[in-house]
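A.B. asks: no FASTA, just this:
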């Protein structure tokens, strides 16, 4: 039996730990039903002091106090203390000790701040909720923060984005332990996809790229409606009625990325649902959204989603077949 420990903090988001917790619980039940074997996981929810812990929603959670029990997997959910950097020396000592004994350690959302503060992410790639990524990088410059991934595995350390991404993380851990078929069955029970690739983007740039100034906002709106046209930085600067230098500086300041990078992401996100639908050739899709050819679209998909269009189309067909 694998012992899974969940470490919680005051003001945690319920879904950050109840999503993964439920995935492991479903894996237990399905394993018993399928083989009659004992449950593969023993689950324990903990906090530094133990007792009732108030979540961000106001719902209280019963937790056990920390002890020196060894865990196969330690999963750390975030909260107010981690994201503010308010962590006791004893808590960090416990984290290092428990991680040293565990086969693997993981974080959900701002739980990455705990791993980083304990030195467990130094030199490693890691992710967290995209809103917190810049703060994590500022507070812990030794960490290679990637703000756009669902989850990342670097050695025996796993980190994931927030909220529902914890379920994707748990499904990946279950698959590693018990195989793809059981993980797929758990996903079906949870009515979620098995499973979003870790390299998939956390959020939609089409929805989230919302700069404060009218000029940049209107330029992006024009770009979204004219993806099939040439959208060079010079052309976008002309739309914004700014010099090229002014536009580059303003665009980067308001969106956090270069114009070329932003247009590539918008085109890739516009292409993805058409790729998944499987009704058009990749050549036609590439032309329709402004990529010159399928090879450019393929490279853009690798950068944005972590997978080429062909792999995403195959994965979508497999997922659809599961629910037929």
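C.D. replies: All right, it came through fine. The model shown is predicted, which means the values in this text are computed figures rather than measured ones. Numbering: from 1, shown residues only.
A.B. asks: Flag the shaky bits of the stretch 151-300 of the chain, pLDDT-wise.
C.D. replies: 193-210 (pLDDT under 70).
A.B. asks: how about the strands of it, start to end?
C.D. replies: Secondary structure of the stretch 151-300 of the chain by DSSP state E, counting those that start in this stretch: the strands cover 151-154, 157-160.
A.B. asks: neighbouring contacts of the last one?
C.D. replies: This means strand 157-160. For strand 157-160, the surrounding residues in contact (C-beta atoms under 8 Å, 6 or more residues apart in numbering) are 104-109, 111-112, 115, 120-121, 124, 126-128, 150-152, 166, 168-169, 172-173. Every C-beta, even on glycine, is put in place using the N, C-alpha and C of the backbone.
A.B. asks: Just the buried residues of stretch 212-231, please?
C.D. replies: For stretch 212-231, burial by neighbour count (16 or more other C-beta atoms under 10 Å) applies to 215-217, 219-220, 223-224, 227, 231.
A.B. asks: Any chance of JSON lines for the strands of the stretch 151-300 of the chain, columns mean neighbour count and distance to residue 311?
C.D. replies: Below are the strands of the stretch 151-300 of the chain laid out as JSON lines (neighbours: other C-beta atoms under 10 Å; distance: least, C-beta to C-beta, whole Å):
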{"stretch": "strand 151-154", "mean neighbour count": "20", "distance to residue 311": "18"}
{"stretch": "strand 157-160", "mean neighbour count": "28", "distance to residue 311": "21"}
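A.B. asks: quick one, which of those strands is nearest to residue 314?
C.D. replies: Within the strands of the stretch 151-300 of the chain, the stretch nearest residue 314 is strand 151-154; the backing value is 20.9 Å (C-beta to C-beta).
A.B. asks: The closest one packs against which elements?
C.D. replies: In terms of contacts (3 or more C-beta pairs under 8 Å, 6 or more residues apart in numbering; DSSP states H and E), strand 151-154 is packed against strand 125-126, strand 157-160, helix 165-178.
A.B. asks: how about the ones you listed in a markdown table, adding distance to residue 16?
C.D. replies: A markdown table is the format used below for the helices and strands packed on strand 151-154 (distance: least, C-beta to C-beta, whole Å):
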| stretch | distance to residue 16 |
| --- | --- |
| strand 125-126 | 16 |
| strand 157-160 | 9 |
| helix 165-178 | 5 |
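A.B. asks: and of those, who's closest to residue 74?
C.D. replies: Nearest of those to residue 74, taken as C-beta to C-beta: strand 157-160 at 10.3 Å.
A.B. asks: and that closest one, how far out from the chain's middle?
C.D. replies: In terms of C-alpha atoms, centre = their mean, to the nearest Å, the centre of strand 157-160 is set 9 Å apart from its chain centre.
A.B. asks: neighbouring strands for it, and are they parallel or not?
C.D. replies: According to DSSP bridges, strand 157-160 forms sheet pairs with strand 104-108 (parallel), strand 151-154 (antiparallel).
A.B. asks: Now the longest one: average pLDDT?
C.D. replies: Looking back up the chat, that one is strand 104-108. The pLDDT scores in strand 104-108 average 98.
A.B. asks: picking up where we left off before, give me whichever of the helices and strands packed on strand 151-154 is most buried.
C.D. replies: Most buried of these, by mean neighbour count (mean count of other C-beta atoms under 10 Å): strand 157-160, with a mean of 28.
A.B. asks: And the helices in the stretch 51-200 of the chain, which stretches?
C.D. replies: Using DSSP state H, counting those that start in this stretch, the helices of the stretch 51-200 of the chain run over residues 80-84, 89-101, 111-117, 133-139, 165-178, 180-190.
A.B. asks: Those helices into a markdown table, with extra columns for distance to residue 72?
C.D. replies: Below are the helices of the stretch 51-200 of the chain laid out as a markdown table (distance: least, C-beta to C-beta, whole Å):
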| stretch | distance to residue 72 |
| --- | --- |
| helix 80-84 | 23 |
| helix 89-101 | 9 |
| helix 111-117 | 17 |
| helix 133-139 | 26 |
| helix 165-178 | 9 |
| helix 180-190 | 16 |
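A.B. asks: Out of those helices, the one nearest residue 68 is which?
C.D. replies: Set against residue 68 and scored by C-beta to C-beta, the helices of the stretch 51-200 of the chain come closest in helix 89-101, at 7.3 Å.
A.B. asks: That closest one - contacts with which helices or strands?
C.D. replies: Looks like helix 89-101 contacts strand 73-77, helix 111-117 (3+ C-beta pairs under 8 Å, 6+ apart).
A.B. asks: biggest helix in the chain by residues?
C.D. replies: Taking DSSP state H as the criterion, the chain has its longest helix at helix 14-35.
A.B. asks: Looking at the helices and strands packed on helix 89-101, which is nearest to residue 192?
C.D. replies: Comparing the helices and strands packed on helix 89-101 by C-beta to C-beta, strand 73-77 comes nearest, at 17.8 Å.
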